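Trainee: Would you be able to build a 3D model of this:
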Amino acid sequence: MNRKFLRGIQWRIALPYTILLILTMLGVWFYLSQFIRQIHLNNIETSLLSQSELIGDAATLPLVDIGHNDNLDALSKDWSELIQARVTIINKDGLVLGESHEDRSKMDNHINRPEVQQALKEGQGTSIRFSRTAGFDMFYTSVPIVVDGAVIGFSRVALPLDQVEADVEQLRRNILLFTLVLMAVSILLSFLIAERTTRPIRDLNEAVGQMTDGSYNQVLASSSRDEIGELTGSIESMARQLHEQVEILKAEESKLSAILSQMSDGVIMVSQDGEVVLINQKAAQLFDVDVHASIGSSLIQFLKHHQFVDLWQRCLAEGQEQSEIVELHLPRRFIQGVAAALGDYLEGNILLIFRDLTNVRRLETVRRDFISNISHELRTPLASLKALAETLQSGALDDPPAARRFINQIENEVDTLNQMTSELLELARIETRETSIQLTQTKPCVILKQACDRLQLQAEKAQLNLVLDCPSGLPEILADGSRLEQVFVNLIHNAIKFTSPGGEIIVSAIIENGGIKFSVKDNGSGIPADDLTRIFERFYKTDKARSGGGTGLGLAIARHLVEAHGGKIWAESLEGMGSTFYIVIPTFE
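Mentor: Residues are numbered from 1 along each chain as shown. I've put the predicted structure just below:
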């Protein structure tokens, strides 16, 4: 086992050097071969271009004189023997007029040859490609033959590349042989060096391996007095200190985790560079992010609320505690952010604390609205009582008929106050869940029939037609019959109150989307569009409702009772066309 491990260490030391050497030598081999090949090609290109220009000058007169065009073959052969290269003379239309090595009558038009096209555009052209005529790779150069500024033809000189490639290939083989010999020697030396280096490391590695398993009390012995021996002593001392620090950190981490997880406020620690260093679960819930994914991310990308980013930046710039309350949307929430610098402990780090004030703001709004509404509602009956009492004191007591009428009015106002007090207590008990809801299997039609029976006589007195439309066979719902009946009584009573004589009120129930949908529909005065969204608020009454009396608490009680059954209630209305109140209660499963 130890020999295998030692061999692995040897490979880790020797292999990088071997790979580096191989890559270096291969790189040198490839570079030199390409470099030498390119030098050869550059020299050939320079030489061939010069020869092309000379031949072009010599071929100008025969090319201009049409009668001497037939001599260009012989001239091409003569020039080819002089420069030891293939010579081709081409007219401006691409027709080969002179060829030193091949039968020009069998050759294709050369106007589209790459070297000819380049010469036509740039004044000289070169190309290395396979020659179908010669049957091997050729190096072509071409220059235009110009007379009086007009191109009358092209001179082309070509040289086979087989000898150049043969020289380059021989050089590649020589360099490769040298590389293989050097590689073998280097591998041998690498393993010898690795053997000497890994021998004292083996025991040290075994002891450190035991430390990784949690055993920090290892006694490390080393006979070496070099750097390995010093390293052994340092590791032994470090192991003892590490053991002590680990225990301390574990204890501190447990305390910190317990505190952060139990905090009701969100906590985020941000570095000077704006990187999230620490975040607790409450902060992750507030901003709907993952705790682990947030660590190390940018605060700007993480929060996505510029007010809190500005809060952090101000605290970072001024070094003083900053505080701000921000209203968030979707869903609407109020979050208080406090930024404090941690200069004395963690230089440049900022601690951000976030507190959700949504419930506090909501309670403040509810309290303010409640005081305003109840003051408004109490003002009218109390003012009436005071006026009636003053009237009686001023002499109305001496007029028995008038006194009796005033006393009846006082009794009505007291009844109004008593009703308001009762409904306030009822609403308070429902909101605080002090009123128990006894849910049982109940038939929807039974509840509607009982509510209609209670108000049938009142509807007849108001000259209204109260219709119950509840088909048999509807599934049962889980409800408190008396409480739900109270809701429908309230809705039907409102419909009677705001429907003119001769009108009609229809109370119905149908099954829809896994629940029972109840409706109370009238053709009365309707509800203004601006008031429709607020009619379920406490004490809220439309102008028409205020003239007709009432406390403005009935619909608020109805909404709480319906929600206590797991249902929902809403209204649809067109002013002057009547109103329809809908209630959906889940069916019993």
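
Trainee: So in this structure, which helix runs the longest?
Mentor: When the chain is parsed with DSSP state H, its longest helix is helix 2-58.

Trainee: and it, what's its mean pLDDT?
Mentor: The average pLDDT within helix 2-58 is 74.

Trainee: That one - contacts with which helices or strands?
Mentor: Counting contacts by 3 or more Cβ pairs under 8 Å, 6 or more residues apart in numbering; DSSP states H and E, helix 2-58 packs against helix 72-83, strand 125-130, strand 137-147, strand 150-160, helix 162-212. C-beta coordinates here come from the backbone N, C-alpha and C atoms, glycine included.

Trainee: again, only using 6 Å
Mentor: strand 137-147, strand 150-160, helix 162-212 (3 or more Cβ pairs under 6 Å, 6 or more residues apart in numbering; DSSP states H and E).

Trainee: and for the first one, what are the contacting residues?
Mentor: This means strand 137-147. For strand 137-147, contacts defined as Cβ atoms under 6 Å, 6 or more residues apart in numbering pick out 44, 48-49, 52-53, 56, 60, 115-116, 119, 124-128, 130-131, 151-161.

Trainee: Pairing partners for it, with directions?
Mentor: strand 125-130 (antiparallel), strand 150-160 (antiparallel) (DSSP bridges).

Trainee: What angle do helix 2-58 and it make with each other?
Mentor: 30 degrees (axes from the mean of the first three to the mean of the last three Cα atoms, to 10 degrees).

Trainee: Between helix 162-212 and strand 137-147, find me the angle.
Mentor: 130 degrees.

Trainee: Could you pull out the buried residues of strand 137-147?
Mentor: Neighbour-count burial for strand 137-147, counted by 16 or more other Cβ atoms under 10 Å, picks out Met138, Phe139, Tyr140, Thr141, Ser142, Val143, Pro144, Ile145.

Trainee: Report pLDDT for the fifth one.
Mentor: By that I understand Ser142. So Ser142 comes in at 91 (pLDDT).

Trainee: In the stretch 251-400 of the chain, where is pLDDT below threshold?
Mentor: Scanning the stretch 251-400 of the chain for pLDDT under 70 picks out the ranges 330, 366, 369-378, 380.

Trainee: can you pull out the helices in it?
Mentor: 281-286, 291-294, 299-303, 306-318, 358-393, 400-431 (DSSP state H, counting those that start in this stretch).

Trainee: just checking, Thr88 is part of a strand?
Mentor: Yes: judged by DSSP: H, G, I helix; E, B strand; the rest coil, Thr88 forms part of a strand.

Trainee: Next, work out how far apart it and Arg104 are.
Mentor: 8 Å (Cβ to Cβ, to the nearest Å).

Trainee: So between those two, which is more surrounded?
Mentor: Thr88 (29 against 19; other Cβ atoms under 10 Å).

Trainee: Look up the closest residue to the more buried one, ignoring the ones flanking it.
Mentor: Arg156 (4.3 Å; Cβ to Cβ, 6 or more residues apart in numbering).

Trainee: Would you mind measuring from the one you found to Asn91?
Mentor: 12 Å.

Trainee: and if you look at Leu21?
Mentor: 58 Å.

Trainee: Centre of the protein to the edge, which residue is at the far end?
Mentor: Asp398 (82.7 Å; Cα atoms, centre = their mean).

Trainee: ok, now how distant is that one from Leu392?
Mentor: 10 Å.

Trainee: try Ala459
Mentor: Distance from Ala459 to Leu392, by Cβ to Cβ: 37 Å.

Trainee: In terms of packing, which of the two has more residues around it?
Mentor: Using other Cβ under 10 Å as the criterion, Ala459 and Leu392 rank with Ala459 on top: 21 against 17.

Trainee: For the more buried one, give me its contacts.
Mentor: So Ala459 contacts Leu466, Ile496 (Cβ under 6 Å, 6+ apart).

Trainee: one more time with 10 Å
Mentor: Residues near Ala459 by Cβ atoms under 10 Å, 6 or more residues apart in numbering: Cys452, Asn465, Leu466, Val467, Ile492, His493, Ala495, Ile496, Thr499, Gly503, Glu504, Ile505.

Trainee: Spatially central residue in the chain, please.
Mentor: Mean-position check on the chain, Cα atoms, centre = their mean. Result Gln301 at 9.3 Å.

Trainee: surely that residue meets Val276?
Mentor: Yes: in this structure, Gln301 is within contact of Val276 by Cβ atoms under 10 Å, at 9.5 Å.

Trainee: Quick check: neighbours shared by these two?
Mentor: Ser294.

Trainee: quick one: Ser500 is in a helix?
Mentor: No: using three-state DSSP, the assignment for Ser500 is coil, not a helix.

Trainee: Spatially nearest residue to it (excluding sequence neighbours)?
Mentor: Gly524 (6.5 Å).

Trainee: How about the contacts made by the one you found?
Mentor: 464, 494-500, 503-505, 544, 573, 576-579.

Trainee: go on, Leu457?
Mentor: With Cβ under 10 Å, 6+ apart, Leu457 has these contacts: Leu466.

Trainee: Next one: it from Phe488, what distance?
Mentor: Counting by Cβ to Cβ - Leu457 and Phe488 are separated by 16 Å.

Trainee: what do you get for Tyr345?
Mentor: Tyr345 is 64 Å from Phe488, by Cβ to Cβ.

Trainee: again with Ile259
Mentor: 52 Å.

Trainee: Those two: which is more packed in?
Mentor: Phe488 (22 against 11).

Trainee: coming back round to it: for the helices and strands packed on helix 2-58, please prepare TSV with the additional fields distance to Ile510.
Mentor: Shown next, in TSV, are those (distance: least, Cβ to Cβ, whole Å):
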stretch	distance to Ile510
strand 137-147	90
strand 150-160	94
helix 162-212	71
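
Trainee: quick one: which of these is nearest Gln84?
Mentor: Nearest of the helices and strands packed on helix 2-58 to Gln84, taken as Cβ to Cβ: strand 150-160 at 8.2 Å.

Trainee: Which positions in that closest one come out as buried?
Mentor: For strand 150-160, by 16+ other Cβ under 10 Å, it's Gly153, Phe154, Ser155, Arg156, Val157, Ala158, Leu159, Pro160.

Trainee: Check the gap between the residue nearest to the second one when sequence neighbours are not counted and Asp78 for me.
Mentor: In space, Phe154 comes closest to Ile90 once its chain neighbours are excluded; the distance is 4.4 Å by Cβ to Cβ, 6+ apart. Per Cβ to Cβ, Ile90 is found 18 Å from Asp78.

Trainee: Which one's more surrounded, these two?
Mentor: Between Ile90 and Asp78, counting by other Cβ under 10 Å, Ile90 is the more crowded of the two (29 against 12).

Trainee: Quick check, pLDDT for that one.
Mentor: 88.

Trainee: now swap in the one 4 residues further on and tell me
Mentor: Note for Gly94: predicted pLDDT of 85.

Trainee: Which of the three states applies to the nearest residue to it once chain neighbours are set aside?
Mentor: Distances taken as Cβ to Cβ, 6+ apart put Ile111 closest to Gly94, at 2.6 Å, once the chain neighbours are dropped. Look at Ile111: counting by three-state DSSP, its state is coil.
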